[in-house]
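Enquirer: Attaching a predicted model along with its sequence, questions to come.
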Amino acid sequence: MIESVLTRMNVNVRLKITVKALLSAAIVALAVLLPQAVHLAAGAAGGARWLPMYLPVLLGGCLLGWRWGLGVGVLSPVVSFALTSALGEAMPAAARLPYMAAELAVFAAVSGLFSKKIAENGWMAFPAVLLAQVSGRAVFLALAAIFQGVAPLTAAAAWAQVQTGLLGLVLQAVLVPFLVMGARALMLRDRG
């Protein structure tokens, strides 16, 4: 969506890259800080229930497109892990990190595939988010099933995590599209 708006504004390539890089950095920062806030307010169980890192990643995909969104999806859990490990308690846990990086990469890439359509019609954010959520969770479950013999996460444990996070996914399936449509309306208004 950002690409479409910047193109309509006749922004040069260097400025487009700068804008997308700054927005990506802000989204990754939000993906690191939001889970910390949720964990402070609701404990570790709050993170598993509300999936706070997923919200910024879905926003990133919808706004930035699949390429930049993919970067945001991979970097968000990796940066969070690196920073929180240095502070004493890794989030996500080391055993969960590869699964979460793959899952969030799918979340962002799939929602990002809709970015141009969202620029044309903001309501397209709804199917973008829903398809991204289903695809990402399916990849998570598939990876857990494939690697359960050699990794500490079993398919049953992954399924339990999916069930625990359903409320968070439903909330995000409503909230993220409205945030994206709001951002779209602001960008189109400022352009006029």
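Expert: The structure has been received and is ready for your questions. Please read all numbers here as calculations on a predicted model, not as lab measurements.

Enquirer: for the chain, what spans make up the helices?
Expert: 2-8, 13-50, 54-64, 66-87, 97-112, 115-120, 125-147, 155-164, 166-191 (DSSP state H).

Enquirer: What angle do helix 125-147 and the third one make with each other?
Expert: Put plainly, it is helix 54-64. Angle between the axes of helix 54-64 and helix 125-147 is 120 degrees (criterion: axes from the mean of the first three to the mean of the last three Cα atoms, to 10 degrees).

Enquirer: For A158, see how far away the spatially closest residue to A95 that is not a sequence neighbour is.
Expert: Leaving aside its chain neighbours, A95 sits nearest to P152 (4.8 Å; criterion: Cβ to Cβ, 6 or more residues apart in numbering). For glycine as for every other residue, the C-beta is placed from the backbone atoms N, C-alpha and C. As judged by Cβ to Cβ, to the nearest Å, P152 and A158 stand 11 Å apart.

Enquirer: cool, R49 as well?
Expert: Distance from R49 to A158, by Cβ to Cβ: 16 Å.

Enquirer: Which one's more surrounded, those two?
Expert: Using other Cβ atoms under 10 Å as the criterion, R49 and A158 rank with A158 on top: 21 against 17.

Enquirer: buried set for the worst-scoring helix or strand of the chain on mean pLDDT?
Expert: Least confident helix or strand, the chain: helix 2-8 with a mean of 90, by mean pLDDT, DSSP states H and E. Across helix 2-8, burial judged by 16 or more other Cβ atoms under 10 Å covers 2-6.

Enquirer: same deal with stretch 88-95?
Expert: Here stretch 88-95 shows 90-92 as buried, counting by 16+ other Cβ under 10 Å.

Enquirer: Likewise for stretch 28-38?
Expert: By 16+ other Cβ under 10 Å, the buried positions in stretch 28-38 come out as 28, 30-32, 34-36, 38.

Enquirer: which of the helices of the chain sits most buried?
Expert: Mean neighbour count (mean count of other Cβ atoms under 10 Å) peaks for helix 54-64 among these, with a mean of 30.

Enquirer: Let me see the mean pLDDT of that one.
Expert: Mean pLDDT, computed over helix 54-64, is 98.

Enquirer: cool, and stretch 77-95?
Expert: Stretch 77-95 comes out at a mean pLDDT of 93.

Enquirer: first vs last residue of that stretch, how far apart are they?
Expert: 12 Å (Cα to Cα, to the nearest Å).

Enquirer: still on that earlier bit, mind giving me the packing neighbours of the least confident helix or strand of the chain?
Expert: helix 13-50, helix 54-64, helix 115-120, helix 166-191 (3 or more Cβ pairs under 8 Å, 6 or more residues apart in numbering; DSSP states H and E).

Enquirer: Of those helices, which is nearest L141?
Expert: Closest of those to L141 is helix 166-191, at 13.3 Å (criterion: Cβ to Cβ).

Enquirer: Hey, what's the angle from that closest one to helix 54-64? Just curious.
Expert: Using the same axes, to 10 degrees: helix 166-191 against helix 54-64 is 30 degrees.
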